[in-house]
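K.L.:
Predicted model and sequence below, questions to follow.
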There are 2 protein chains.
Amino acid sequence: MNYSGPTVFELGEVAALRQAVKNFRKVETTVVGSGDDAAVVAVADGRFVVTTDTMVEGHDFRTDFSSGYDLGFKAVASNVADVAAMGAKPIALVVAMVIPGHTKVSWLEDFARGLQAGCDELAPDCEVVGGDLAAGDQIVIAVTAHGHLAGVNPVLRSTAKPGDLVALAGTLGRAACGLDLLLHEDKSLAKAYDEWVAIQLRPTPPIQLGIEAAATASAMMDVSDSLALDCNRLANASQVSIELDRTKLEGYAAVLELAALSMTARDDLSRDPMDWVLYGGEDHSLLATFPADAQIPRGFKVIGKVTEQSQDAVLLNGKKLEPKGWDSISS
Amino acid sequence: MNYSGPTVFELGEVAALRQAVKNFRKVETTVVGSGDDAAVVAVADGRFVVTTDTMVEGHDFRTDFSSGYDLGFKAVASNVADVAAMGAKPIALVVAMVIPGHTKVSWLEDFARGLQAGCDELAPDCEVVGGDLAAGDQIVIAVTAHGHLAGVNPVLRSTAKPGDLVALAGTLGRAACGLDLLLHEDKSLAKAYDEWVAIQLRPTPPIQLGIEAAATASAMMDVSDSLALDCNRLANASQVSIELDRTKLEGYAAVLELAALSMTARDDLSRDPMDWVLYGGEDHSLLATFPADAQIPRGFKVIGKVTEQSQDAVLLNGKKLEPKGWDSISS
């Protein structure tokens, strides 16, 4: 991806930020927007939800795979998913960035457009209300996202009960499949299966479904590291066990079958798409539990049930499901 | 500074975070603390203040000068100063960190103790409610701080009026003097003048005075980059000019005179301590304007006045004061 024009170093922090900030649309909850020491945001019910997530060049992304726009979009997606996983509506973001001085201002503008596009598509009531730009050796993007609970109780990960149903909203395995396609030696594969690559580069978590689930879900969390790992976390936090039904997960794997076969045809390495579904991260779907008699919002699919805590936190068709997935430090 | 024991890579993100989080004290406004997808914080008046600030290893700090504890303390100080500059009380922090995998867990714990010490000393109603730990090549610390306005209007930097008095709470030039002492070839100087070095490593902004000033100040901001630069910013944002009185600034320079002379005795470079006062950053003092008949909180010192906007945004005894100071990108 080519970016032309002056570097941020040449233009200076203040002028570069002014260029980028032009892209942001105002929303009603913002009392004081960017440009002062701090922003002020209204939350009518007197509580705000806050979460932060960081992406590091070379560890979490590569600039030859992701454009500035892609990274802006993904930074929004991964953070608003955490807000929605509490049952809250995302309303405000602040963006702390580290960039090398030689970064082009046009890259920064593309990133800002990606941030706004992420808000427009996933969280239209959300505004970028502030940020900070610092110099460093590699790009770091740390977004902090805020949400409004609108009077409902926050949905924790520690409150699932035996007898609840386990349900999922969003996709599984596509982002991991997309990453494998990007990393594959045969570069034509990423173009052939660009839908899965797009989920890796610009995930689209089901934010509205998270907000709707707040009314009836007993527990909820964002699946960012893998279904296996995050089911284990939810089960441990709630002191329960989870039994997943493999049949219910086969649909997620089936759509990835052709991509797996195409890759194998090129390199002779056998692949099971179910590995992407169980152990792949970054789709940013929502994992929730609901009491058996509760209304489950259309868009959530039941994939298992909650049981009394047993020796294994998570079982897949009766066999222990290892908590394998993405660890942001050791990966 | 020596840190022993296992690295974060060896222990893993989750376990390392658990060690660090043990150091954090709970406060009353935290509805849901760290450990879930997001935290939930109460703000009784239905608004929250939010700001973010980033520190990068090699650009904003050096690990041979600053311990983990120092960096934690400074990260709190620089962020709660921005909250207080709006007239708000700091109540919640989230901390996004990038660290190399070989970082010792004991360093991370020391950093967490510094965060808590910064809260204890500067903002006792503030809790670290969340964070994120990612791997990278250099240490990056991005703190996002939140405050409660308790029913008062936020104090902006754009609302100073001609006729107002310009006042300052906190110190000037000490952090810059401390940095020059640390950088000086004669390492005994940093020990001899350790009070100024301490302000550079662990600044102590007058948070409570910012909250008090909210009742009567017409404008306010944090002096993070330099008095000259930040006076220019306030004047431009308010479309006024500022006239500073050099006599009122001499006290800030006088206490640094001996350190300047000692450095000059070693290297024969002449130094004017007034340069630290006018152009040095990182003391994180508060610059405010007050209507001439307003009550000015004890602890603020009048250093000038606001006039109608003229050709020069800031004058020092009638001469233009250039907006020189710290630029986080080009420095």
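P.N.:
Thanks, I have the structure now.
K.L.:
switch to C-alpha atoms for all contacts and neighbour counts from now on
P.N.:
OK.
K.L.:
pLDDT weak spots in the stretch 101-250 of chain A?
P.N.:
Counting by pLDDT under 70, the stretch 101-250 of chain A shows no low-confidence range.
K.L.:
got the residues of it near chain B?
P.N.:
Contacts of the stretch 101-250 of chain A with chain B, taken as Cα under 8 Å from any Cα of the partner chain, map to A:101, A:130-138, A:142, A:144, A:154, A:156-157, A:221-222.
K.L.:
nearest spatial neighbour of residue A:146, skipping sequence neighbours?
P.N.:
Excluding the flanking residues, the one nearest residue A:146 by Cα to Cα, 6 or more residues apart in numbering or on different chains is residue A:50, at 4.6 Å.
K.L.:
got the residue ranges for the strands in the stretch 101-250 of chain A?
P.N.:
Remark: strands assigned in the stretch 101-250 of chain A by DSSP state E, counting those that start in this stretch are A:127-135, A:140-148, A:165-169, A:219-223, A:240-244.
K.L.:
Okay, angle between the last one and strand A:165-169 too, please.
P.N.:
Our comparison of strand A:240-244 with strand A:165-169, counting by axes from the mean of the first three to the mean of the last three Cα atoms, to 10 degrees, yields an angle of 60 degrees.
K.L.:
For strand A:240-244, could you pull out the residues that count as buried?
P.N.:
By 16 or more other Cα atoms under 10 Å in any protein chain shown, the buried positions in strand A:240-244 come out as A:240-244.
K.L.:
Against which helices or strands is it packed?
P.N.:
Other elements packing on strand A:240-244 under the criterion 3 or more Cα pairs under 8 Å, 6 or more residues apart in numbering or on different chains; DSSP states H and E are helix A:227-238, strand A:300-308, strand A:314-316.
K.L.:
Relative to residue A:323, which of the ones you listed is closest?
P.N.:
Shortest distance between residue A:323 and the helices and strands packed on strand A:240-244, using Cα to Cα, is found for helix A:227-238: 4.2 Å.
K.L.:
Could you list every helix and strand in contact with that closest one?
P.N.:
Using 3+ Cα pairs under 8 Å, 6+ apart: helix A:227-238 touches strand A:219-223, strand A:240-244, helix A:273-279, strand A:314-316.
K.L.:
and those, which is most packed in?
P.N.:
strand A:219-223 (a mean of 30; mean count of other Cα atoms under 10 Å in any protein chain shown).
K.L.:
which one of the helices and strands packed on helix A:227-238 lies closest to residue A:122?
P.N.:
Proximity to residue A:122 (Cα to Cα) singles out strand A:219-223 among the helices and strands packed on helix A:227-238, at 14.7 Å.
K.L.:
List the contacts of the closest one.
P.N.:
By Cα atoms under 8 Å, 6 or more residues apart in numbering or on different chains, the residues outside strand A:219-223 that reach it are A:81-82, A:85-86, A:155-160, A:230, A:234, A:281-290, B:36-37.
K.L.:
can I assume residue A:109 is in contact with residue A:18?
P.N.:
No. Between residue A:109 and residue A:18 there is no contact under Cα atoms under 8 Å: 9.8 Å.
K.L.:
Those two - which one has more neighbours?
P.N.:
Neighbour tally, residue A:109 and residue A:18, criterion other Cα atoms under 10 Å in any protein chain shown: the higher count belongs to residue A:109, 22 against 12.
K.L.:
now the nearest residue to that one once chain neighbours are set aside, what's its secondary structure?
P.N.:
Leaving aside its sequence neighbours, residue A:109 sits nearest to residue A:20 (Cα to Cα, 6+ apart; 4.8 Å). Following DSSP: H, G, I helix; E, B strand; the rest coil, residue A:20 is assigned to helix.
K.L.:
per-residue confidence for residue A:20?
P.N.:
Looking at residue A:20, its pLDDT is 84.
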